[in-house]
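Colleague: the following block contains a protein sequence and its predicted model.
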Amino acid sequence: MLSSEKKSFWRFLAIYILLVSLVLISISIIYYRANSDRVELQYKSMMQELSVLQIKRLKWLHNHFPKYNKYPRDERFNSAIYDLEYQEIFSTLKSKKIDFNKSFYFTKNYAIYVAILSDYYLGAKYLFIEVPKNSELVNRIIRNIIIYGTLAFLALLLLGVYLAKLFIRPMQRSIELLDNFIKDTTHEINTPISIINTNIEMLKSTGSCKKEEKKIKRIEIASRTLETIYKDLKLSVLSNESESQDELCNIKAIVQERLEYFRLHIESKRIKLQEQLEDVELKVDRILIERLIDNLISNAIKYNRVGGSIIIRLTAEYLLIEDSGIGIEKSNLNKIFERYRRFNESEGGFGIGLSIVDRVAKRYGFVVEVESEKDKGTKVKVVW
Amino acid sequence: MVKAFIIMVVSFTLLSGSNSCLECHAKKKISLRKTFMEALQVYGGEQNFKTALFYYCKNPAKSSSVMGEEFIQKHLPLKPVALSDELLKKLIDWYWNSYKIEGNLK
């Protein structure tokens, strides 16, 4: 996935998850409300019955006081009676704070029901009934919400990923189309390039056109540019179809050869070349390492200014290519390895060079470090 | 302080044999406990009880009695209690304190 696709993918998913969470939370709240209302109702009717019972007992006691003076108790609940001036007459409540304004409420551990007597038996107007709260009921509601909530969330998440993939499919399709187009074109380019190259060689070797040497050189440069593009494209698009073969390669020789290959380019831009090459051998695929080196050198040339400089250093640890070119903006540094990504519209190319570098490097576990300063130049270091 | 004072006054009046509530109710064979419970059932709280009873003693009426119809019928005609306001208040305080429920339940 390219980063633009990735971005769209995650953006879509984020919005989706946000909406899904909102919906799920709303549903949970409604569910919770409905159920706690139900629970409350259950408590209320149960406690109302208890209060009727307790009032009957109070009435009896009222009529037999003071012969009997034992306040009626019940193991199912605690209770208290208060007179109309809110004075306590008797209480077995565990809760310290009581509320005369509500007919039913929950404290931390208890449910409390307040009945109002019309006959003030024993002088009581308010009868409080207190039962321990059965937290199991509420816990079950919460447990249900958590279990079914996460299940629904996961299911919807899967759906979301699927939808997000559908969402970016058109983008992927266009990339595929581009790949296919390039694949087709690449096949057709090969033969013409070979013809041009052989003919240039023939012209040079016969020496028949000494006067037109400069023009032939230009044709040769153009043809080599074409050839590198062809090789990159071939590697980039057809890579999956060809097996690579690793062998011991003399990197120094390859670098020199590639420099020689680009000599005309370098000269035409009057670039000062500084080489410090040590003998290095690596076990790699020759074609791949050539593409890697080629792309780094050709970038250093392409994005250099006329009369600029290139430093190439090859050691047993790394290959460093430093140019005095236009540089890359910091914000773009992390995207340079992406396919079809170009930062400079004035220069040609398909934007696949660095993606090849990246791929080759990843394949062999090389680390590519890029340092760049806008308008100053770029330093690329490939650590073996 | 006030409570102690009331109790003192009440015990004094009791000792001096001049608790008119007890005397008259005993004469008429009306249980003060019974009237208390009936009054409490209607009047509820302490202040309400005291003011309402004070007013009733001064203006007894069939329509405002807490007692049942049959009971009242036996005691007609109703006469106001002939006591000074001060003494009546003290006696009613005594009545509440000696018959109240609060503190007497187990």
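Modeller: Here it is on my side, so go on.
Colleague: okay, now residue 42: neighbour count?
Modeller: Chain wasn't specified; assuming chain A. The burial count assigned to residue A:42 is 13, neighbours taken as other Cβ atoms under 10 Å in any protein chain shown. Every C-beta, even on glycine, is put in place using the N, C-alpha and C of the backbone.
Colleague: oops, I was thinking of chain B
Modeller: Residues contacting residue B:42 under the criterion other Cβ under 10 Å number 16.
Colleague: contacts only, for it.
Modeller: Residue B:42 makes contact with A:120, B:52, B:66, according to Cβ atoms under 8 Å, 6 or more residues apart in numbering or on different chains.
Colleague: so the last one, which of the three states?
Modeller: Yep, that's residue B:66 we're talking about. coil (DSSP: H, G, I helix; E, B strand; the rest coil).
Colleague: measure it to chain A for me?
Modeller: Computed as Cβ to the nearest Cβ, to the nearest Å, the residue B:66 to chain A distance reads 11 Å.
Colleague: list phi and psi for the closest residue to residue A:62 other than its chain neighbours.
Modeller: Leaving out its chain neighbours, the residue that sits closest to residue A:62 by Cβ to Cβ, 6 or more residues apart in numbering or on different chains is residue A:121, at 4.0 Å. Main-chain torsions, residue A:121, degrees, to the nearest 10: phi -60, psi 130.
Colleague: residue contacts, residue A:121?
Modeller: Residue A:121 makes contact with A:55, A:58, A:59, A:61, A:62, B:41 under the criterion Cβ under 8 Å, 6+ apart.
Colleague: export those residues as CSV, with columns for pLDDT and distance to residue A:312.
Modeller: CSV is the format used below for the contacts of residue A:121 (pLDDT from 0 to 100; distance: Cβ to Cβ, whole Å):
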residue, pLDDT, distance to residue A:312
A:55, 97, 102
A:58, 96, 104
A:59, 96, 108
A:61, 96, 107
A:62, 96, 109
B:41, 94, 111
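Colleague: and the residue of chain B nearest chain A?
Modeller: Here chain B gets closest to chain A at one residue, residue B:45, 3.5 Å apart by Cβ to the nearest Cβ.
Colleague: who touches the residue in chain A that chain B sits nearest to in this structure?
Modeller: Per Cβ to the nearest Cβ, the residue of chain A with the smallest distance to chain B is residue A:85, at 3.5 Å. By Cβ under 8 Å, 6+ apart, the residues touching residue A:85 are B:44, B:45, B:46, B:47, B:48.
Colleague: counting neighbours, what do you get for the second one?
Modeller: The number of residues packed around residue B:45, counting by other Cβ under 10 Å, is 19.
Colleague: my guess is it meets residue A:83, correct?
Modeller: Yes. Contact criterion Cβ atoms under 8 Å: residue B:45 and residue A:83 qualify, at 4.1 Å.
Colleague: which residues are in contact with each of the two?
Modeller: Counting by Cβ under 8 Å, 6+ apart, the residues touching both residue B:45 and residue A:83 are A:123, A:125.
Colleague: over to stretch A:301-313 now: how far is its first residue from its last?
Modeller: 16 Å (Cα to Cα, to the nearest Å).
Colleague: what residues does the stretch 101-250 of chain A put near chain B?
Modeller: Counting by Cβ under 8 Å from any Cβ of the partner chain, the stretch 101-250 of chain A comes close to chain B at A:119, A:120, A:121, A:122, A:123, A:124, A:125.
Colleague: please redo it, this time with the cut-off set to 6 Å
Modeller: Neighbours of chain B within the stretch 101-250 of chain A, by Cβ under 6 Å from any Cβ of the partner chain: A:119, A:120, A:122, A:123, A:125.
Colleague: among the residues you listed, which are located in helices?
Modeller: Among those, none falls in helices (DSSP state H).
Colleague: from these, which would you call buried?
Modeller: Buried subset of those (neighbour count, 16 or more other Cβ atoms under 10 Å in any protein chain shown): A:120, A:122, A:123, A:125.
Colleague: quick check: closest non-adjacent residue to the first one.
Modeller: Setting aside the residues directly before and after it, residue A:120 is nearest to residue B:44 in space (Cβ to Cβ, 6+ apart), at 4.3 Å.
Colleague: dump the residue contacts of the one you found.
Modeller: For residue B:44, the contact set (Cβ atoms under 6 Å, 6 or more residues apart in numbering or on different chains) comprises A:83, A:84, A:120, A:123, A:125.
Colleague: SS state for the closest residue to the last one other than its chain neighbours?
Modeller: Right, residue A:125. Computed as Cβ to Cβ, 6+ apart, the closest residue to residue A:125 that is not its neighbour in sequence is residue A:84, at 4.1 Å. Secondary structure, three-state DSSP: residue A:84 is coil.
Colleague: likewise for residue A:95?
Modeller: coil.
Colleague: burial of it, as a residue count?
Modeller: 17.
Colleague: residue A:38 versus the closest residue to it other than its chain neighbours, what's the distance?
Modeller: Closest residue in space to residue A:95, ignoring its immediate chain neighbours: residue A:107 at 5.0 Å, by Cβ to Cβ, 6+ apart. Using Cβ to Cβ, to the nearest Å, residue A:107 is found at 20 Å from residue A:38.
Colleague: more crowded one of those two?
Modeller: For residue A:107 versus residue A:38, neighbours defined as other Cβ under 10 Å are more numerous around residue A:107 (16 against 12).
Colleague: phi, psi of the more buried one?
Modeller: Taking degrees, to the nearest 10, you get phi -110, psi -170 for the backbone angles of residue A:107.
Colleague: pLDDT at it, what is it?
Modeller: pLDDT recorded at residue A:107 is 91.
Colleague: I figured it was touching residue A:96, is that so?
Modeller: No. Residue A:107 is beyond contact range of residue A:96, at 9.0 Å (criterion: Cβ atoms under 6 Å).
Colleague: pLDDT at the closest residue to residue A:4 other than its chain neighbours, what is it?
Modeller: Nearest residue to residue A:4 in three dimensions, chain neighbours excluded: residue A:171, at 7.2 Å (Cβ to Cβ, 6+ apart). Here, the pLDDT recorded for residue A:171 equals 85.
Colleague: which helix or which strand is home to residue A:171?
Modeller: helix A:135-206 (DSSP states H and E).
Colleague: likewise residue A:381?
Modeller: Residue A:381 is located in strand A:377-383, with elements delineated by DSSP H and E.
Colleague: now that strand: how far from the chain's centre is it?
Modeller: Strand A:377-383 sits 28 Å away from the centroid of its parent chain (Cα atoms, centre = their mean, to the nearest Å).
Colleague: what segments of chain A are strands?
Modeller: A:78-82, A:88-91, A:104-106, A:110-116, A:126-132, A:246-250, A:272-277, A:281-285, A:309-314, A:318-323, A:367-373, A:377-383 (DSSP state E).
Colleague: make a markdown table out of those and add mean neighbour count.
Modeller: Converted to a markdown table, the strands of chain A look like this (neighbours: other Cβ atoms under 10 Å in any protein chain shown):
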| stretch | mean neighbour count |
| --- | --- |
| strand A:78-82 | 23 |
| strand A:88-91 | 18 |
| strand A:104-106 | 15 |
| strand A:110-116 | 20 |
| strand A:126-132 | 21 |
| strand A:246-250 | 13 |
| strand A:272-277 | 13 |
| strand A:281-285 | 16 |
| strand A:309-314 | 20 |
| strand A:318-323 | 20 |
| strand A:367-373 | 15 |
| strand A:377-383 | 20 |
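Colleague: nearest to residue B:88, out of those strands?
Modeller: Proximity to residue B:88 (Cβ to Cβ) singles out strand A:88-91 among those, at 25.3 Å.
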